[in-house]
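In: Predicted model and sequence below, questions to follow.
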Amino acid sequence: MPDALELRGDPPAVCTLCLHEGGRVIWSDESWRVVAVDDDDFPAFYRVISREHVAELSQLDAGRRARCLDLVCAIEAVLLDRLCPTKINLAALGNMVPHLHWHVIARFEWDSHFPEPIWGMRQRVVTPPARDRLSTHTAQLDNLLHSALDNVPDR
C-alpha cells in the first residue's frame with residue numbers, strides 16, 4: 001500500500017489535502033485514499049481523496065472517474081447495510097479545499113443537524129453521544145469498509 005501522502009504531480013504548497021491525510025486513513029491505493037473523519041457529531045463520516053491534485057471530477061480520465069464513483073458507492077453500500085441510516089449524504093464541494101474529494105456521511109433523524117446539512121445549524125443535542133448510537137462500532141465499520149474497498153475492481 002502506498003504511503004498516505006504520496007501524491008502524483010506537483011501539488012501546490014498550500015493545498016491541505018496534498019499536505020495532510022485529511023483524516024484517519026482506513027484504505028489506500030496508488031490513486032486514492034479513504035479516510036475516516038474524526039467528528040463526534042458524525043461518527044460515520046468518510047472521505048474519498050484523490051492522490052492527484054485536481055479540483056474537478058471532469059479532470060480525471062473516464063477510468064479514474066469510474067473508479068472514484070465505485071469507491072464512493074462501496075462506502076455507501078456498507079453504511080446502508082450496517083447502519084441503516086435515514087440518508088447517506090454525498091458531497092464533492094471543494095469550495096474551501098479545491099482538491100478532489102468526496103464526503104460520504106451516514107445521516108440519522110436523531111443526529112445533531114438533521115435534516116440540515118452537517119455544516120448547517122445544529123438542531124438538537126444528541127444523548128447518548130452519536131458514536132454510541134451506531135449499530136456497528138466504528139472500528140468494525142472501518143474494517144468492513146477496508147474489505148469492501150479492497151474488492152472494488154481497478155479500472
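Out: That came in fine, so what should we check first?
In: quick one: low-confidence ranges for the chain?
Out: Along the chain, the parts satisfying pLDDT under 70 run over 1-13.
In: So which residues of it form helices?
Out: Ranges of helices within the chain are 16-19, 62-83, 130-133, 138-150, based on DSSP state H.
In: Quick check: beta-bridge partners of the residue nearest the centre of the chain?
Out: Centroid-nearest residue in the chain: R47, 1.8 Å away (criterion: CA atoms, centre = their mean). Taking DSSP bridges as the rule, R47 bridges to V35, H103.
In: wait, doesn't it sit right on V35?
Out: Yes. Here R47 reaches V35: they are 5.0 Å apart, a contact under CB atoms under 8 Å. (C-beta placed from N, C-alpha, C; glycine too.)
In: Spit out the residues that contact the two alike.
Out: By CB atoms under 8 Å, 6 or more residues apart in numbering, R47 and V35 have these common neighbours: G22, G23.
In: Hmm, F45 is touching A36, no?
Out: Yes. With contact defined as CB under 8 Å, F45 counts as touching A36 (7.2 Å).
In: Quick one: the helices of the chain as TSV, columns for distance to E52 and mean neighbour count too.
Out: Below are those laid out as TSV (distance: least, CB to CB, whole Å; neighbours: other CB atoms under 10 Å):
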stretch	distance to E52	mean neighbour count
helix 16-19	10	18
helix 62-83	8	17
helix 130-133	33	14
helix 138-150	18	16
